[in-house]
Structures are given as structure tokens and as C-alpha cells.
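> sequence first, predicted coordinates after that:
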Amino acid sequence: MAEAETQGKQVKPILPFLHISDNPDEKPYLAGSKCKSCGATYLGARMACSKCFSTEPMEDVKLSDKGELHVFSIVHQSAPGIPTPYVAAIVDLPEGVSVRCNIEGVEPDPKNLKFGMPVEMYTEIVHTDRDGNDIMAFKFRPAK
Amino acid sequence: MAEAETQGKQVKPILPFLHISDNPDEKPYLAGSKCKSCGATYLGARMACSKCFSTEPMEDVKLSDKGELHVFSIVHQSAPGIPTPYVAAIVDLPEGVSVRCNIEGVEPDPKNLKFGMPVEMYTEIVHTDRDGNDIMAFKFRPAK
Amino acid sequence: MREVAMVGAGMIKFGRYPEKGVHELAAQAALLALQDADMTMKDVELLASGNLYQSSAMIGQRIMKEIGQTGIPVINVANACATGSTAYREAYMAVASGAYDTALAVGSEQMGKMGLLGGGGGGGGGGISPEGIVGSGLMPAVFGQAGVEHMRNYGTTEEQFAKIAVKNHKHSMHNPYSQYQVEMSLEDVMNARTIAWPNTLYMCCPTGDGAAAAVLTTMEKAKQLTTEPIKVATSTLTSDPYTERDLTMPDVNTLTKNASKLAYEDAGVGAEDLDLVELHDCFATAEMLHYENLGLCGEGEAGKLIDDKETYVGGRIPVNASGGLLSKGHPLGATGVANICEVYWHLKGQAGGRQVEGAKVGLAHVIGLGSACTIHILQK
Amino acid sequence: MREVAMVGAGMIKFGRYPEKGVHELAAQAALLALQDADMTMKDVELLASGNLYQSSAMIGQRIMKEIGQTGIPVINVANACATGSTAYREAYMAVASGAYDTALAVGSEQMGKMGLLGGGGGGGGGGISPEGIVGSGLMPAVFGQAGVEHMRNYGTTEEQFAKIAVKNHKHSMHNPYSQYQVEMSLEDVMNARTIAWPNTLYMCCPTGDGAAAAVLTTMEKAKQLTTEPIKVATSTLTSDPYTERDLTMPDVNTLTKNASKLAYEDAGVGAEDLDLVELHDCFATAEMLHYENLGLCGEGEAGKLIDDKETYVGGRIPVNASGGLLSKGHPLGATGVANICEVYWHLKGQAGGRQVEGAKVGLAHVIGLGSACTIHILQK
Ligand SMILES: [Zn+2]
Ligand SMILES: [Zn+2]
């Protein structure tokens, strides 16, 4: 990762709301925005508040890396070229934001997943793009 | 052409209304359909008459290979990979049908084209497809 | 707004038509609907066409080149799986507004090999799709999760979801328009390979091509054409309201609940008045949720509703007498018009072996993610 | 049908926005229009979105996710180059019908590098495109031929067509929303390379991204908001009628002639009452034809109209005071809303350096091949 940067290559997030700092000591996090009028919180940015229509610029918030498993599905057939099976889950974060993610660290079987179980976010390089940049994804796993 | 056929390969029309007979002695022609109720004539087939709405099956008609130049443009820039310049023309056939075509056999310059000038259709193999079939196109040129 | 009546329905058997252009399928359905209404394009004052994958291809105008060009306004619409029913609503609004007397709605789609795995996904950074790496935006996962939420809330079982598929495949046996007409046991359904848990293969709608069309006119004109006019009692369309989780997990429930509330109000009809329902069973899990969303039973009672076979033809409130999308297939742009045609045929007593006897009021529901929900209630 | 008024206009400068999503461009224009109307999404009861290349991508709903989700009906429409104006018409019909009081229309497009060479062509046999082998279905050729037909009929000259481009590029100098603002001499235009004779490069609209939006409401509500409400006197949409040659050569004339006849009737206004016109100059040749099609001059007199500079701002009937598509660019789905916004700004006296003084009645015209023609007349 540090190497890639020295060579002018970058670590890029798989989705725009995964925030990767220039400072390698800072852990990547999910970036949210919070409406100053009504407090509604969003994953990523919004031009205006979807709930109260306020156009006042929102407050950037750093979302928690701990949450709980809301629901999931075990996907056995996906688009061509996507490896299966995987756990496709919805995780609720304490800020009132939900996030779509994979749950790793468990066999993809319903019996290994409990509604409301605590999960934690981690990141991983999942791909190197054509220009040699590393693509970083976020995933969740059962919290230790 | 006959060779291609012996090998199981075919001569195929570039557009469905170019009729190619199994009999090599018969000249390819533009196929039209004529409404039995109102006489409106179409290039190719229609499910019902666009003019009078009759759903009675139409009469197949063999369109003339002679017509006159209605209008044209000289195209100098087209989609990627399409050689230019070419004469893109509208030719009126005596059956009351117009056909979109290229005019060949003249330099693509407005001064070589006269409104109403007589033109005639001919065919040419323009391409061989992946399966080895010859693709036949129709073109028009100043009538002799 | 004037009273609107439906006076013609047309549909081709859903299936594979790779050799045809989609505008030809659409034109075929349009001709059937016009024939049913004893009309030609000459009588039509506005055409609305619904097609999703080829929404920019001027399908509405191409239909007219095939069957009659009169210069009338043509509108091409797209609204995910609710594309066809949005076209129907355009025709409804055209007549209800007083601007046009007769309008034609046509829904069509050629799915190729895309199916419900197409779309979704969305662009990620660096030219790699996030699909399967950060969860899933694809329909099977989304509707798997929606079913699992029902399990979480009410203890619904895999078997109960599977029973819905058993019912719909059984219904399909009497529907000649259905792409598949294959009866299956509970074991057949449950033992099939899982697509996205808890839905197995036979709990997911198959891919296919199709087209359906409807002719709408004023109630006044309809009464001149028939002694038993079918009234379009409501044409309701909603989108997602703000809800906390919807921004990530498409909220198929709130959308449909809002739509059904509005629709019942607008039609002056309650769920208890319905004789049949055609609802959007893109997956077996979806049908379960919509039992409650449409008020066919109370919250949390959907599992019992299918356990008691109340939604079979012959039960208290037959759902998807046509076999549903699970059997018929789901050509996206066609679906919304096709399920209204099905309700229409029941009210006209023309539904053959699957006829719901004495049907007087029927509801057709479609939901498209992203999101759009339509509800149409027809009334004899 | 109720009287409808336009109470808000919004538009972003047309250009290249490769780093943005098209729904963001659309949402930006929507916010501007709402701001102009002193409203938020809370006041909007129906949203119509027009986008062509991404017509199946639920742009309407994605706009709402950006600026406010209220669960209202959303309709996504496509109608070739008339896509945006068809969305505007949806909003108009929603209000005129009496079903909704306030509706928002948004047109947007991201053209990438496609431009008007995209689309067209169509499938040939054996996996080879007939483009350039059996004529041309692409826009430059089609509008080249349409211009040549005018030459054939009336002796119109290459120079006369070029003069139209000179005028529009001159007008663009005062329009900050225009993608290009470059004044050109007749020689500059005529000496540029030919794209499709008789149109040279500067006689063809450039490719670009863009978005525009409009807020419509009842005349009653508009009168509460402003002392000078702008009435939408007609929203007319037509498709191709049957004509002999149209099946091969898109008949841009009959379509527009029919639409203008209907529009003048519906609005109770004649061509002689117009103070300005924004018409569909995708190519310089097109503007020439539409002078006659819209009745701005008699048949065969269009060449003289431009020779006499009557269509300049300051002339008898200013056409494309905005710089037209030739300067502004032509983001397909945005165009139809943008040219109505331009007319609106003139009637409100907000058109800056390009203002047509004292403008009270204006017409916006769009034609999409395949085919759809819209005409909107706004009136102070
Ligand atoms: Zn807020
Ligand atoms: Zn006929």
C-alpha cells in the first residue's frame, strides 16, 4: 500500500463513501453526512436533505465501524463472474445509518448468522485496476 | 457466391427487404408489400396498413430497380469506422415507395448529382460475416 | 377527472422470441387489444408505451409504423418493473383528464439473457463492480433480504415461502399465456437449488419476452360498447418516501403500503371488497410481504394466510390466479399491463380454467425498485 | 382541463461534467427551479424526468434521493430529442387534469462522446451495420437531406443555411448557459469542414451534458405567488402521421406543421402573435425548415427571412435568442426543458443581454426523430 503510493499509484475506495486518509496511520472509515436541521444521517453525500429538504450544507460525520446485523441473504447465483456463495447483509450502524455489505469470517450458511449480532468493519484490497491502483473494499465480520 | 453455397455458406441480405432468390439466375430485388384495401405500398413487411389500418395480409410486390433521385447529402463524418465521404440519398421508386441508399459511380460531390436524375439499383457483396456467409447490399448508380 | 373504463385487453404468451423485434411483439399485443375493443388505431387518441431495456428506442412510435400512423401523441415511459403499469397509468390519465377519449397502453420487453441479474450493481471506483464484494444490489439478494426481514419480525419459515411458489405454479396450469405451466410439490420447490436464500430456483420468476396491451376509454363510451363496462377505479403510483433504512435496503413494504392506502381511498374500496389480486411475485418472498402490505391479512399473518390456502383460487382471496410472475415470467415492461389484463379477464368472466367465479373487483399491483409502485383496481 | 402556469425555471450551463452523475446534474437544475419558485420538494406533487441514454436508470427517483423523498408519483419518459419536453408535458398534464396542483419537470443528459452520431444505424443482417453502405440513418445525413429538399423546392442556398449559424452563434454571446459563446463570420461557418452537406461543423450542434428543470402549478396558485404569472397556453405533442416518403425519409416537416397547427388552435394564438421562438436547430438546415413549419413566414420564404435578418434579436421575430442548440449544445433529455426555460426568462424580463424587449408570447419547439414533436407556448 505504502509502496504503491511511492510509485505514484494510489489506494482507491470501491465506493465513494469509503474514506481513505492520506495519513497511513488513520484507519479508513465510512463517511456520512448529517443534516443540521433535522439530524437525518446519510451514507455519503446528499445535495439536500431527503427527509426535511434543507439545502444547508451538511455536517461530515465519521460513521462507526461497529454495528449490528439487521438481515441477510445467502447469494448462490449472481451476475456472471461474481464468485458465490456470499452473505449479502444489511448492517445497522449506531448513527441511524444502514449499510449494505458482505459478512466475512463465517461460512455462508443461515445457521451461522443471528439477527442483531454485533459485527465490525474492516478493509481489504480486493483488486488492482488497470493503472496499478489498489482498490480497497470494506467488509464486516462478527465482532470479536 | 455459388461456391459459398456449395460449402453450406449463404448469401445474406444486409437488410431484410432485399430479396435474394435461391435461383442464381434471378436478380435480387427490393421486396415490398401492398395494402389490398388502400393500395399503400411499403418497403418490407407491415403487420397492418399504416395508412388505412387494414389487417388483411398484404400483397407481396417486387419493387422496380429503377427510380429517380429525390434528395441527397454528402456525408463527410459518420460513426466510427464508417468510410467517408459517401452520397446518402433518398430514391423514389415508381411504386410510390422511397428507399434510403448510397449513390455510387459518381464522385461524392453535389455537382455530380441532379434532382430527379434516373438511377438504377445493383447489388454487391460488401462483407463476409463470422460464419463465412457473404453479405449482399443494394446500391444505386446513375442509370445507363 | 372523468370515470375511465377498460374496454380491450391483449397479450401474447410470454416466452422466447429471439427472431422478432420487440416492437413486433408489442404491435401484436396492441392489435389483440384493439380487436378485443372492436377498434383500430383510428380510434386511438394517445399511445403510451412501456419498455425498459429499450426505453430509448421509440417503441411506441415503432408500434404505430407496424399497425397505423395517425400522428397522435406517443409517450415512452420507464419505471423499473412498474414500467408497463406506468404506461397504463398514462393512458388512464389521458382519458381521466378529459383531454382524450380513448388511449392505448402497450407494455413490452425482450429480456435476452439478462433476467433480474441485469441492472443493479452500479459503478464502483477504479472500474470494478462492487457487486458481491460489498453486499449485493441485485434483485435476488434484495428480495431474499426482504423475506428474511419477515422471518426476523414474525418467525416466517422457509416452507411458508415455498408454499407460495407451489400455489402459483399450480395456478399456472390453467393459464395458456404463462411461459411455464408446470405443477410442483413443496419438495420440488424446496429441494431446488438456492438462488438467494430463502428463495430457490422455483421461487424466482423466470426470464422471458412478452407484450401486453390495454384500451381505455371514457365510461360514457364504454357503456355504448358493452353492457358490462369495467371501471378503472384507481390508478395509483408512488415512489419511495424517506425512511431510515431505505437508502440502503430498498423498502418494498412502505412503498406498497402507501400505495394501497391511497388506492383504496381513491377507489372507495377496501381490501375486504376484493375478489382477486394479481400482485408482484418477482420472488416468493415478495408475495408474502405484499399480503400484508395490501391489507389482505393483518401484520404478521401472511404465513398463516398461505398455510390456510386462502390465496388459492377457491380460497378467501385468490392471489395470482394467472400463476404470477413465478410461472408467467417477467418481461419487465410487459408485466404491469399483463397483470391488469388478467384482472380484466376475470371480471369479464373470460379467464377459462383459472376463473375466479363471480369476480367483481380486482386489484393489480406492481413494484419496481428504485422505486415505483402502482396499484390499479378494476371494478365491474 | 385547468389553466397551468410556470413558476420556476432552473438550468445548469451546458458543457462537460464527466466527474458527475447525471442525476446530480438533474438534481442541481431541479433545486434551481424550486428555488426560483420559492418551493422545496415538499410542495411538489408529481415529478416527471426526461433522460434518453439513461432512460431506464430511474433518474427521477434518484433526483429525489438527492433533494427530498416524499413518496410522490415519479414518471421517467423518453421521446428521442423531445424527451425533456415530453417530461414537461407530463407535468403540464398532471396539473391541467386537476389531479395535482404542483409538478416538477426535469430534463437531463450526459452525452459522453456519443453526440448525434449515436443511435440510428440499426441492425442489419449478418452482424454488419448498414450505415454508410445503404445510405445513412444518422442525424447529420437526415438533416442534410432535409435541407437539400428545401434547396430542391425553393432554390435555397448553402449561404442562406450558413447565415442561420452565424445568427445563433452571435446570439450565444449573451447567454451564460451556452456551452459555446463564439461569434463567427459567414466565412468562418462556410469554410469549416463539411459534416454532411450542406451543413459544416459550425452548422451542427455540439455534444455536451446538461440539465434543466421547470415548476408548474395551477394559475390560481401562481397568482398568489406572483403578480405576473406565466401561462402555459398549450403543450402539444404529435407523432408521425402516415406520409408516403416518411417511412424512409423522416418527415420533419409534416410532424412540425401538424403540431404547430394544433398548438396555435389550442393556445388561441397565431404565429403573428409571437414575440420570440426557441426552435429545434439541431442543424442549421433544420432551423430553415421550421421557419415555414411554424408559420413564421410563408412556404419558400425562409431563405429571405434570414437574408433580411428578421430572426435576429431586434428583428421581426427573434429565433433562438439563446444561441440555439448550435451554440448551447444539445444534451438530448435536457434540451426540451431548457428551451422552455429560455422562453420563460424572456417573458419574465430576466434574459440579460439577449432579452427580447417586451416579450409577451413565446414558443418553444422540439422535434425528435422516430418521431415526436412538441410545441409549448408561454404567455404573460
Ligand atoms: Zn434534514
Ligand atoms: Zn391500407
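Perfect, I can see it now. Ligands and ions are numbered 1, 2, ... in the order given.

> from D:Ile67, how far off is the residue nearest to A:Ser37 when sequence neighbours are not counted?
The shortest distance from A:Ser37 to any non-neighbouring residue, by C-beta to C-beta, 6 or more residues apart in numbering or on different chains, is to A:Ser54 (3.9 Å). Just so you know, the C-beta spots here come from the backbone N, C-alpha and C atoms, and that holds for glycine as well. Taking C-beta to C-beta, to the nearest Å as the measure, A:Ser54 and D:Ile67 are separated by 10 Å.

> more neighbours: which of the two?
For A:Ser54 and D:Ile67, the more surrounded residue by other C-beta atoms under 10 Å in any protein chain shown is D:Ile67, and the numbers stand at 24 against 16.

> next, the contact list for residue 51, please.
Because you didn't say which chain, this covers chain A. Contact partners of A:Lys51, counting by C-beta atoms under 8 Å, 6 or more residues apart in numbering or on different chains, are A:Cys35, A:Cys38, A:Ala40, C:Tyr242, D:Gly68, D:Gln69.

> that was the other one, I meant chain C.
So, once contact is read as C-beta under 8 Å, 6+ apart, C:Asn51 ends up touching C:Val22, C:Ala26, C:Ala57, C:Ile59, C:Asn76, C:Ala78, C:Thr83, C:Gly107, C:Ser108, C:Glu109, C:Gly333.

> what of A:Ala48?
Residues counted as contacts of A:Ala48 (C-beta under 8 Å, 6+ apart) are A:Ser54, A:Thr55, D:Ala27, D:Leu31, D:Thr40, D:Met41, D:Glu66, D:Ile67, D:Gly68.

> where does the residue most central in space within chain C land on pLDDT?
Most central residue of chain C, judged by C-alpha distance to the mean C-alpha position with C-alpha atoms, centre = their mean, is C:Gly336 at 3.6 Å. Note for C:Gly336: predicted pLDDT of 98.

> assign it to helix, strand or coil.
helix (DSSP: H, G, I helix; E, B strand; the rest coil).

> from what I see, it and C:Ser49 are in contact.
No - using C-beta atoms under 8 Å as the test, C:Gly336 is too far from C:Ser49 to be in contact (12.0 Å).

> residue of chain A nearest chain C, please.
Closest to chain C within chain A is A:Ser73: 2.9 Å, counting by C-beta to the nearest C-beta.

> helix, strand or coil: sort out A:Asn102 for me.
Applying three-state DSSP to A:Asn102 yields a three-state assignment of strand.

> tell me how far the closest residue to C:Gly268 other than its chain neighbours lies from C:Asp273.
If you skip the residues right next to it in sequence, C:Gly268 has C:Ala233 as its closest partner in space, 7.3 Å away by C-beta to C-beta, 6+ apart. According to C-beta to C-beta, C:Ala233 and C:Asp273 sit 10 Å apart.

> between the two, which contacts overlap?
Each of C:Val361 lies in contact with both C:Ala233 and C:Asp273 under the rule C-beta under 8 Å, 6+ apart.

> these two: which has the busier surroundings?
Looking at C:Ala233 and C:Asp273 with other C-beta under 10 Å, you find the greater number of neighbours at C:Ala233, namely 20 against 14.

> now do the same contact list for that one.
So, once contact is read as C-beta under 8 Å, 6+ apart, C:Ala233 ends up touching C:Asp266, C:Ala267, C:Gly268, C:Val269, C:Val361, C:Ile377, C:Leu378, C:Gln379.

> surely the fourth one is in contact with C:Val361?
Yes - in terms of C-beta under 8 Å, C:Val269 counts as a neighbour of C:Val361; the distance is 6.0 Å.

> compare these two (neighbour count), which wins?
Taking other C-beta under 10 Å, C:Val269 and C:Val361 do not tie; C:Val361 has more neighbours (20 against 17).

> the more buried one is in contact with C:His346, isn't it?
No - the criterion here is C-beta under 8 Å, and C:Val361 misses it with C:His346 at 10.0 Å.

> list the residues that contact both of those two?
Residues within reach of C:Val361 and of C:His346 at once, by C-beta under 8 Å, 6+ apart, are C:Asp275.

> ok, which stretches of the chain are strands?
Because you didn't say which chain, this covers chain A. For chain A, applying DSSP state E gives strands covering A:11-13, A:18-19, A:29-34, A:41-43, A:59-62, A:66-75, A:86-93, A:97-102, A:118-128, A:134-142.

> actually chain C
Counting by DSSP E, one finds strands in chain C at the ranges C:4-11, C:46-50, C:74-78, C:102-109, C:194-196, C:199-200, C:210-218, C:230-238, C:276-278, C:361-368, C:372-379.

> which one of the ones you listed lies nearest to ligand 1?
With C-beta to the ion, the closest approach to ligand 1 among those belongs to strand C:230-238: 21.3 Å.

> and the angle for the closest one with strand D:74-78?
Orientation check (axes from the mean of the first three to the mean of the last three C-alpha atoms, to 10 degrees): strand C:230-238 against strand D:74-78 gives 100 degrees.

> pairing partners for strand C:230-238, with directions?
Strand C:230-238 has its sheet partners listed here by DSSP bridges as strand C:4-11 (antiparallel), strand C:372-379 (antiparallel).

> what's the average pLDDT for the last one?
Looking at strand C:372-379 alone, the average pLDDT works out to 98.

> got the CA coordinates for that strand in PDB?
Extracted as PDB, the C-alpha positions of strand C:372-379 are listed here (Å, rounded to 0.1, in the frame of the first residue of the first chain):
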ATOM      1  CA  ALA C 372     -42.100   2.900  -8.200                       C
ATOM      2  CA  CYS C 373     -45.300   1.100  -7.000                       C
ATOM      3  CA  THR C 374     -48.500   1.000  -9.000                       C
ATOM      4  CA  ILE C 375     -51.900  -0.200  -7.900                       C
ATOM      5  CA  HIS C 376     -54.900  -0.500 -10.300                       C
ATOM      6  CA  ILE C 377     -58.300  -1.500  -9.100                       C
ATOM      7  CA  LEU C 378     -60.800  -2.700 -11.700                       C
ATOM      8  CA  GLN C 379     -64.500  -2.900 -10.900                       C
END
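
> and the angle from it to strand C:210-218?
Taking the same axes, to 10 degrees, strand C:372-379 and strand C:210-218 form an angle of 60 degrees between their directions.

> about what we covered before: can you tell me which of the strands paired with strand C:230-238 is most buried?
Looking across the strands paired with strand C:230-238 with neighbours counted as mean count of other C-beta atoms under 10 Å in any protein chain shown, the highest average goes to strand C:372-379: a mean of 28.

> what's the angle between that one and strand C:361-368?
Angle, strand C:372-379 to strand C:361-368, by the same axes, to 10 degrees: 170 degrees.

> so how far is strand C:372-379 off the chain centroid?
The chain centre lies 9 Å from the centre of strand C:372-379; the measure is C-alpha atoms, centre = their mean, to the nearest Å.
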